[in-house]
Each structure stands twice: as C-alpha cells, then as structure tokens.
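# I would like the atomic coordinates for the input below:
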Amino acid sequence: MTPDKIKFGTDGWRAIIALDFTVYNVARVAKAQADWLHQNFKDPKVLVGHDCRFGGELFTEVVTKVLCANGIKVALAKGFISTPMISLGVLKISAQQGVVITASHNPPSYNGYKLKGAHGGPSSPKDIAAVEALIPEDVTIPSESLDQWQSKGILEYVNLEDMYTEYLQTKFDFEALKRSPFKLAYDAMFGAGQNVVRRLLPGAVLLHCDNNPGFLGQAPEPLDKNLQELAHTVATTPEVKIGLATDGDADRIGLYDEEGNFVDAHHILLLLIHYLHKYKNMSGKVVIAFSVTDRVKKMCEAYGLPVEVTPVGFKYISEIMIHEDVLVGGEESGGIAVKGHIPERDGIYDGLLVYEFMSTTGKTMKQLIQEVYDVVGTFFYDRKDLHVENDKKNAIIQKATANQYPTFGKYKFNRRETIDGIKYHLDNGGWIMLRASGTEPLLRVYAEGNSKDETADILNDVLKTIL
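Presented below is the predicted three-dimensional model:
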C-alpha cells in the first residue's frame with residue numbers, strides 16, 4: 001500500500017487527526033525535515049512546540065524523537081505555546097528552524113505541522129517545497145524516550161511563554177495599559193493565547209481561556225459568526241470598549257468596537273498603517289495578500305507608501321519582510337505583521353498595538369475607524385465559506401478561470417485579476433473574489449461593497465450565479 005502523499009498548503013500541512021494526521025505520517029515529515037537540515041546546516045538545532053489541539057503533546061514527542069534520532073538538537077517548549085512564541089524563540093535561541101504542531105483556525109478534528117525559519121517567521125516557500133520533496137514513504141519511529149535524549153545532551157527544554165511575555169514587556173507599557181480608560185475583553189477561543197493575556201492584562205474580561213482541545217466543536221477562527229459571545233460581552237458591559245480575539249495558535253486577530261460591531265482584518269490593517277505612519281512617523285512598504293481590500297492601496301497612495309500584493313499565504317509576505325523595509329504586512333484572514341516585531345503574524349501583538357492606539361489617544365475604536373474612513377471612504381466586507389465537495393469546488397474555479405461568469409446577477413465587473421484565485425473589480429467600486437481552500441473541501445467567496453446591505457446583496461447574487 002502506497003502511503004499518503006503529504007502536501008503543504010498556504011500555511012503548513014494540515015489533515016484530519018487519525019485519518020491522515022497520524023503518528024506515522026508526522027514521523028515521515030520529521031524525517032524529511034531532519035534530512036533537509038543536514039543538507040543545509042552544520043550541527044542544526046530546531047525549536048519544537050504545540051498549541052492546545054488534541055494530540056499536540058503526542059505528535060510533538062514524535063517529532064522530537066525522530067529529529068533527535070537523526071542527530072538534530074532539539075529545544076522543546078514546555079506546555080502549549082502559540083505560533084508567534086515559536087517564531088520569536090527560534091530567533092532568541094539561534095535555532096535553524098522551528099516546528100509548531102497546530103492546525104491554526106481549522107476545525108477541531110484537524111491538526112497540522114508548520115515550519116518556521118531562522119529569521120523568526122514562516123519558512124520560505126522554497127524551503128518548504130524542499131522539505132516536502134524529501135518526505136519518505138517509510139520511516140522508523142525511535143523507541144528511546146525523551147529522558148534518554150535529554151541525558152545524551154541532544155534535547156533541552158525551554159519556557160517560551162516566559163520568554164514571549166518578557167519580550168512583550170519591552171515593547172508595551174503595560175502599567176499604562178492597565179490604567180487605560182478602555183477596558184478590554186479577550187476571547188482566546190480555547191487557543192494558545194490564553195495564558196499570556198491573563199498574565200499581562202489581569203484586569204481583562206476573559207472568555208474561553210481554558211484548555212479545551214475540542215473547542216466546543218467550533219473552528220477557532222476569529223470570524224464574527226464564531227465570536228457572538230464576545231460581541232455580546234462588549235455590547236452589554238459599559239466599561240468594556242474593545243474586544244480582542246485570537247485563533248487557535250494566536251497568530252490571527254479579530255476585533256470588536258465599543259458597540260460590539262465586528263472589526264475585520266481589512267479595517268485592522270488600515271488602523272495599523274494609520275497609527276504607525278501618521279501617529280508614530282514610521283514608514284516602509286505595505287505588503288498585502290491578494291484577498292485584501294484595495295482601500296489599503298488608496299491609503300498608501302495618500303501617505304506616499306509603496307504597496308506590494310502577494311499570493312495568499314503569509315509565507316509570501318514574510319519572505320518580503322526579511323529582505324525589505326516593511327511597515328505592515330497582512331492577510332484578509334487576520335494574519336498581520338508589523339515593523340518593530342518579528343516577520344510573523346501575531347494576533348496578541350497586533351491587538352496590543354490597537355489597544356495602545358486607543359489608550360494613548362483617548363479615542364474609541366469607532367472614532368479611530370472614522371479617521372480611516374476620512375482617508376479611504378466607508379466600506380463593508382464579508383465572506384462566505386461554502387462547504388462543497390472538491391469536484392464542485394474545482395468546477396466553479398475552472399469556470400471562473402475561463403472567464404465564464406460574465407456578470408454576477410446585477411453586478412458587472414470591469415476587470416479581473418488572477419494572482420491567487422479570481423478577483424472581480426465591480427463597477428460600483430467593490431469587488432468579488434472566488435478562491436478554493438488548499439486544506440479543506442471549501443470554496444471561499446469574498447465581497448466588498450459600500451454598505452452592509454450592498455455587500456450582502458453582492459454575496460447573494462454571487463451564490464445564485466455559481467451554485
């Protein structure tokens with residue numbers, strides 16, 4: 001029987017636990033990683049950790065055993081960790097690579113394997129492809145225990161939570177934030193950010209900050225539909241003026257304003273560009289994924305900042321951040337990196353920046369968003385995730401690629417882009433995008449209009465057209 005073909009998507013390899021994400025397949029990936037490291041480094045060292053998902057400790061132990069048995073020094077994180085903790089840790093301990101056992105925002109039945117580079121961000125697409133090409137069909141899982149590898153001096157343990165918390169304390173004035181007139185509510189979505197926020201902001205209102213690897217059956221993705229308890233908490237607690245949520249491995253962000261209205265990643269990107277450039281006098285290139293609003297281009301034009309658009313996948317943004325002076329880099333899905341931090345998405349860091357923006361200016365989220373609208377105009381964005389069979393998903397994408405959708409109901413477009421998925425620029429100034437998930441039987445339909453009602457109508461017409 002031929003073993004499963006393991007394929008890394010936009011952000012690591014992800015699969016359903018016990019179906020494809022098995023101890024044996026994880027060991028195959030670890031063996032490929034060990035071989036790649038020996039090809040590229042002398043005496044390599046890897047930092048390894050897992051988030052709050054089911055089986056994380058088991059799979060991390062397997063990775064550690066395989067790497068150690070293949071002569072790779074391993075630093076193993078104690079307890080669950082976030083993805084940004086691994087990326088920061090790789091830099092701090094001068095490791096050649098990092099591994100995070102996580103499926104990020106995927107449903108609870110999934111787990112995954114992310115690779116991090118020595119620069120403190122996602123491994124480059126080239127390096128990931130090279131590791132993938134080395135995955136063997138057969139592998140031997142070592143019988144030695146972790147204690148044995150530790151006694152041999154090839155395994156050590158590190159406390160990444162302490163390292164990351166102490167690092168954040170050098171970046172933000174937490175005493176000032178504790179005195180903020182705006183109380184913060186935080187929803188960890190049962191994910192890996194829970195301990196850090198509890199330690200740094202003890203006065204915050206905390207939701208879902210306990211370890212539940214089933215996530216109550218819900219994907220830990222910081223979308224409005226998944227965060228209604230946080231929305232209600234902010235809307236009904238007078239002193240709470242900001243709601244922050246992070247995903248399962250705490251690298252993605254979602255926000256709520258003081259009235260309990262969802263603030264999506266497009267608005268967060270614009271808020272961060274506005275804050276860093278106009279208030280902090282920082283500059284640099286802005287790098288955005290293909291699925292991000294064109295309002296970012298409008299703001300950058302107004303501020304004289306260069307813009308670059310990449311395919312979807314933060315690894316493409318991180319690659320540019322390593323080599324160029326980048327102010328903000330981000331995705332529609334809530335993964336955003338900023339200048340002055342590591343070239344990595346970090347939901348907690350981004351949330352603290354927005355919280356600092358509010359606290360130092362004394363302005364509410366709505367007031368700050370109005371400042372953004374004064375530059376780029378008002379807009380509303382939404383996305384529908386269609387759970388469709390792969391055959392149906394692929395048929396829709398093939399039809400769109402062949403330009404066989406002349407209109408979407410009443411909505412006409414004046415141009416198409418196909419950098420990653422198919423993006424239609426509408427005559428009304430909005431846009432539509434169709435993109436297939438690389439890790440799930442899922443078709444994502446994105447839309448932006450000038451109001452909430454118009455955006456809902458656009459999505460409705462798109463669904464009628466393609467289904």
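# which residues touch the longest helix belonging to the chain?
The residue-count maximum for a helix in the chain (DSSP state H) belongs to helix 23-40. Identification of contacts with helix 23-40 by C-beta atoms under 8 Å, 6 or more residues apart in numbering yields 3-4, 6, 13, 15, 44, 46, 58-59, 62-63, 66-67, 70-72, 96-97, 99, 101, 113, 115, 127, 130-137, 139, 141. For glycine as for every other residue, the C-beta is placed from the backbone atoms N, C-alpha and C.
# Now do the closest residue to residue 400 other than its chain neighbours, the pLDDT please.
Spatial nearest neighbour of residue 400, excluding adjacent residues (C-beta to C-beta, 6 or more residues apart in numbering): residue 422 at 4.3 Å. For residue 422, the model assigns a pLDDT of 97.
# Could you count how many residues lie near residue 422?
21 (other C-beta atoms under 10 Å).
# same check, this time on residue 452
12.
# likewise residue 398?
10.
# Point out the other elements, helices or strands, that the strand or helix carrying residue 184 touches.
Using DSSP states H and E, residue 184 maps to strand 183-187. Contacting strand 183-187 under the criterion 3 or more C-beta pairs under 8 Å, 6 or more residues apart in numbering; DSSP states H and E are the following elements: strand 205-207, helix 228-236, strand 240-246.
# Doesn't residue 416 belong to a strand?
Yes. Counting by DSSP: H, G, I helix; E, B strand; the rest coil, residue 416 is found in a strand.
# and the gap between it and residue 428?
16 Å (C-beta to C-beta, to the nearest Å).
# so residue 416 bridges to which residues?
Assessed by DSSP bridges, residue 416 has beta-bridge partners residue 424.
# For it, which residues are in contact?
403, 422, 423, 424, 425.
# Could you identify which of the helices and strands packed on strand 183-187 is most buried?
strand 240-246 (a mean of 27; mean count of other C-beta atoms under 10 Å).
# Let me know how buried residue 171 is, in neighbour terms.
So residue 171, with other C-beta under 10 Å, has 13 neighbours.
# Wait, it touches residue 339, no?
No. Assessed by C-beta atoms under 8 Å, residue 171 is found out of contact with residue 339, at 11.9 Å.
# pretty sure residue 99 contacts residue 51?
No. Residue 99 is beyond contact range of residue 51, at 11.8 Å (criterion: C-beta under 8 Å).
# Can you tell me, leaving aside adjacent residues, what's nearest to residue 263?
That would be residue 255: by C-beta to C-beta, 6+ apart, it lies 3.9 Å from residue 263.
# which element is that neighbour on?
With DSSP H and E as the test, residue 255 turns up in strand 253-256.
# How far off centre is the next helix or strand after that strand?
Next in sequence after strand 253-256, counting helices and strands by DSSP H and E, comes strand 262-263. Chain-centre distance of strand 262-263: 17 Å, with C-alpha atoms, centre = their mean, to the nearest Å.
# Could you do stretch 359-378 as well?
Per C-alpha atoms, centre = their mean, the centroid offset for stretch 359-378 relative to its chain is 24 Å.
# average pLDDT for it?
Rounded mean pLDDT across stretch 359-378 is 97.
# And it, what's buried?
Residues 359, 364, 365, 368, 369, 371, 372, 375, 376 are the ones in stretch 359-378 that count as buried (16 or more other C-beta atoms under 10 Å).
# Which of those residues fall in helices?
Using DSSP H, the buried residues of stretch 359-378 in helices are 359, 365, 368, 369, 371, 372, 375, 376.
# any low-confidence regions in the stretch 351-467 of the chain?
The stretch 351-467 of the chain contains residues with pLDDT under 70 at 438-439.
# Do a quick rundown of the helices in it.
365-376, 390-401, 452-466 (DSSP state H, counting those that start in this stretch).
# repeat for the stretch 201-350 of the chain
Under DSSP H, counting those that start in this stretch, the stretch 201-350 of the chain gives helices at 228-236, 265-274, 295-303, 314-323, 347-361.
# want to throw those helices into JSON lines with distance to residue 383?
Below are the helices of the stretch 201-350 of the chain laid out as JSON lines (distance: least, C-beta to C-beta, whole Å):
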{"stretch": "helix 228-236", "distance to residue 383": "17"}
{"stretch": "helix 265-274", "distance to residue 383": "10"}
{"stretch": "helix 295-303", "distance to residue 383": "16"}
{"stretch": "helix 314-323", "distance to residue 383": "17"}
{"stretch": "helix 347-361", "distance to residue 383": "18"}
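# Closest one of the ones in helices among the buried residues of stretch 359-378 to residue 236?
residue 365 (16.4 Å; C-beta to C-beta).
# Can you tell me the closest non-neighbouring residue to the closest one?
Nearest one to residue 365, counting by C-beta to C-beta, 6+ apart, is residue 257 at 3.9 Å.
# who's in contact with that neighbour?
Going by C-beta under 8 Å, 6+ apart, the list of residues near residue 257 reads 234, 241, 242, 263, 364, 365, 366, 369.
# Next: residue 265.
252, 253, 254, 292, 330, 331, 332, 333, 334, 335, 336.
# and residue 331, how many neighbours?
So residue 331, with other C-beta under 10 Å, has 26 neighbours.
# Which residue, other than its chain neighbours, is closest to it?
residue 289 (4.2 Å).
# gap between that neighbour and residue 384?
For residue 289 relative to residue 384 (C-beta to C-beta), the value is 18 Å.
# for residue 344, same thing?
28 Å.
# again, but for residue 467
11 Å.
# Then residue 390?
If you go by C-beta to C-beta, the gap between residue 390 and residue 384 works out to 18 Å.
# same deal with residue 442?
Applying C-beta to C-beta to residue 442 and residue 384 gives a distance of 10 Å.
# ditto for residue 43
When residue 43 is compared with residue 384 (using C-beta to C-beta), they lie 50 Å apart.
# the more surrounded of those two?
The residue with more neighbours, out of residue 43 and residue 384, is residue 384; 13 against 10, by other C-beta under 10 Å.
# Buried ones in stretch 216-225, by neighbour count?
Under 16+ other C-beta under 10 Å, the buried positions of stretch 216-225 are 219, 220, 221, 222, 223, 224.
# Adding mean pLDDT and distance to residue 310, write the helices and strands packed on strand 183-187 out as JSON lines.
Output for the helices and strands packed on strand 183-187, formatted as JSON lines (pLDDT from 0 to 100; distance: least, C-beta to C-beta, whole Å):
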{"stretch": "strand 205-207", "mean pLDDT": "98", "distance to residue 310": "33"}
{"stretch": "helix 228-236", "mean pLDDT": "98", "distance to residue 310": "30"}
{"stretch": "strand 240-246", "mean pLDDT": "98", "distance to residue 310": "23"}
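# could the ones you listed go into JSON lines alongside distance to residue 194?
Output for those, formatted as JSON lines (distance: least, C-beta to C-beta, whole Å):
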{"stretch": "strand 205-207", "distance to residue 194": "7"}
{"stretch": "helix 228-236", "distance to residue 194": "14"}
{"stretch": "strand 240-246", "distance to residue 194": "9"}
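# Which among those is found nearest to residue 455?
Taking C-beta to C-beta, helix 228-236 is the member of the helices and strands packed on strand 183-187 nearest to residue 455, at 18.2 Å.
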